[in-house]
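> kindly generate the corresponding structure for this input.
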Amino acid sequence: MTYRKLRVIVSGGGTGGHIFPAISIADKLRELNPETEILFVGAEGRMEMEKVPAAGYRIVGLPVAGLQRKLTPANILSNLKLPFKVLESLRRAGRIIREFKPDLVIGVGGYASAPLLWKATSMKIPSLIQEQNSFAGLTNRTLAKKVDCICTAYEGMERFFPASKTVLSGNPIRSGIHPASPRERLEAMEFYGFDPSKKHLLVIGGSLGSGTLNEAMKGWIRRGRPMGEDVEVLWQCGRHYIKGVDEFMAGCPSGSTQGIIHTDFIARMDLAYAAADVVISRSGASSISELCVARKACIFVPSPNVAEDHQRHNAMALVSKGAALMVSDADAGSQLLDTAMELIHSSEKIASIEEHIAPLGMPDAALTIAVQAYRIA
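Numbers count the residues shown, from 1 in each chain. So this is what the prediction gives:
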């Protein structure tokens, strides 16, 4: 099939969970027709303004921000400014659409997605949204009445969206993620300097990091790493926390941190997954999608600081099928690493989780969304 050249705006961001799927969709559209022109629209000051240009795409920013739920003087002031930022973002979104003249607009979630999609649908531009979570957010539930197509990551999303517009696509993931071969596992061991005869735990707190996971790791190290004598760890602590973790690790007794690699960001997630026997992770939509495709035994710790508790819903969609374990955020300090050590030393439990998570992986999500984009454009 021949795919014609398109002009596409992709809007959204805020976290890696929105940015990397957006880039995957853009990459797939370019793969189908290298002449397709793509413009990203993000939120000023958010990480997409750095990550998208690094991936080779042009991005413009809107001044939109989110509602601050924690009431501090600074946050109250920010909330007072919010209506004006929304109005200005709508004005700029209209100008961007008029100047770029897109054939299609795609929203992937995040602050900038809402004003851009509101404006595009009001201007009768063909529009698609991608709902990453198992519990749809208010913005997408509202936009669903106006857009032409909703691509979802989970089954049963017709309870939120019109069935006639809903397509099960999965979440697009970064390239290179797949079940690791024995050769790729050895490559990962060499890359990180790990001992192949030991067991390996991967701790990932998302692109911004997780204070809860970091504190659980610190507590485990302070306790002498119980049940972890034969376990090496790759610990992604996030850029917000790297300074504190650096100081903690430097202050630990000699030998207590041997075999633990900590870093703010993992560029080669394919090798990180290949090395891991067990993964501890927040349950953001993109993380879950990658772990399903990589077929990893996971322990999810849903973040309680997200809208509509969607991370718990995401995790439970797997836990209910025997495809993951879950520890609550409140219990992570006392239970998380002990649960991880029990799992990592049980090859039977690992094999059972891997067997149940494998059918949930949808590696062709970006292609499915790209094809739907052409359908409505």
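> isn't Ala272 right up against Val203?
No - using C-beta atoms under 8 Å, Ala272 is not in contact with Val203, being 10.1 Å away. In this view, the C-beta of every residue, glycine as well, is placed from N, C-alpha and C.
> so if I had to pick from those two, which one is more boxed in?
Neighbours around Ala272 and Val203, counted as other C-beta atoms under 10 Å, are more numerous at Val203. The numbers are 27 against 22.
> and the next element down the chain from the helix or strand hosting that one?
Val203 is part of strand 199-204, with elements assigned from DSSP states H and E. Heading C-terminal from strand 199-204, the first helix or strand you meet, by DSSP H and E, is helix 211-222.
> rewinding a little: shared neighbours, Ala272 and Val203?
With contacts defined as C-beta atoms under 8 Å, 6 or more residues apart in numbering, the residues shared by Ala272 and Val203 are 234, 236.
> can you tell me which residues contact the closest residue to Met269 other than its chain neighbours?
Spatially, and ignoring its direct neighbours in sequence, Met269 is nearest to Arg174 (6.3 Å; C-beta to C-beta, 6 or more residues apart in numbering). Applying C-beta under 8 Å, 6+ apart to Arg174 gives the contacts 20, 24, 269-270, 290.
> can you flag which of those residues belong to helices?
Within the contacts of Arg174, residues falling in helices by DSSP state H are 20, 24, 269-270, 290.
> show me which helix or strand of this structure is least confident by mean pLDDT.
Lowest on mean pLDDT, DSSP states H and E among the helices and strands of the chain sits helix 73-100, with a mean of 80.
> for the ones in helices among the contacts of Arg174, give me JSON lines that also has distance to Ala276 and neighbour count.
Converted to JSON lines, those look like this (distance: C-beta to C-beta, whole Å; neighbours: other C-beta atoms under 10 Å):
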{"residue": "Phe20", "distance to Ala276": "19", "neighbour count": "24"}
{"residue": "Ser24", "distance to Ala276": "22", "neighbour count": "23"}
{"residue": "Met269", "distance to Ala276": "10", "neighbour count": "20"}
{"residue": "Asp270", "distance to Ala276": "11", "neighbour count": "20"}
{"residue": "Glu290", "distance to Ala276": "12", "neighbour count": "26"}
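> which pair in the residues you listed spans the largest distance?
The largest separation in those, counting by C-beta to C-beta, is between Ser24 and Asp270 at 13.8 Å.
> the helices in the stretch 151-300 of the chain, which residues?
Ranges of helices within the stretch 151-300 of the chain are 182-192, 211-222, 242-251, 269-275, 285-294, based on DSSP state H, counting those that start in this stretch.
> return the list of helices and strands in contact with the last one.
The elements that helix 285-294 packs onto, with contact taken as 3 or more C-beta pairs under 8 Å, 6 or more residues apart in numbering; DSSP states H and E, are helix 16-32, helix 269-275, strand 278-281, helix 310-319.
> could you do the second one as well?
In this structure, helix 211-222 makes packing contacts with helix 242-251, helix 332-344, judged by 3+ C-beta pairs under 8 Å, 6+ apart.
> quick one, which of those helices is nearest to Arg95?
helix 242-251 (38.0 Å).
> flag the shaky bits of the stretch 51-200 of the chain, pLDDT-wise.
Within the stretch 51-200 of the chain, the stretches with pLDDT under 70 are 65-82.
> strands along that one, start to end?
58-62, 104-107, 127-131, 149-152, 166-168, 199-204 (DSSP state E, counting those that start in this stretch).
> can you put these in a markdown table and add distance to Glu158?
Formatted as a markdown table, the strands of the stretch 51-200 of the chain follow (distance: least, C-beta to C-beta, whole Å):
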| stretch | distance to Glu158 |
| --- | --- |
| strand 58-62 | 31 |
| strand 104-107 | 19 |
| strand 127-131 | 12 |
| strand 149-152 | 9 |
| strand 166-168 | 6 |
| strand 199-204 | 31 |
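> nearest approach to Ala377 belongs to which of these?
That would be strand 104-107 among the strands of the stretch 51-200 of the chain, by C-beta to C-beta, at 4.2 Å.
> partners of the closest one in the sheet?
Here strand 104-107 is paired, per DSSP bridges, with strand 7-11 (parallel), strand 127-131 (parallel).
> which of these is buried the deepest?
Greatest average neighbour count among those goes to strand 127-131 (a mean of 28), per mean count of other C-beta atoms under 10 Å.
> which residues sit against it?
21, 25, 104-109, 113, 117, 120-121, 137, 140, 143-144, 146-153, 157, 160-161, 169, 171-172, 369, 372-373, 376.
> just want the angle from it to helix 285-294.
In terms of direction (axes from the mean of the first three to the mean of the last three C-alpha atoms, to 10 degrees), strand 127-131 departs from helix 285-294 by 70 degrees.
> that concludes my questions; thank you for your assistance.
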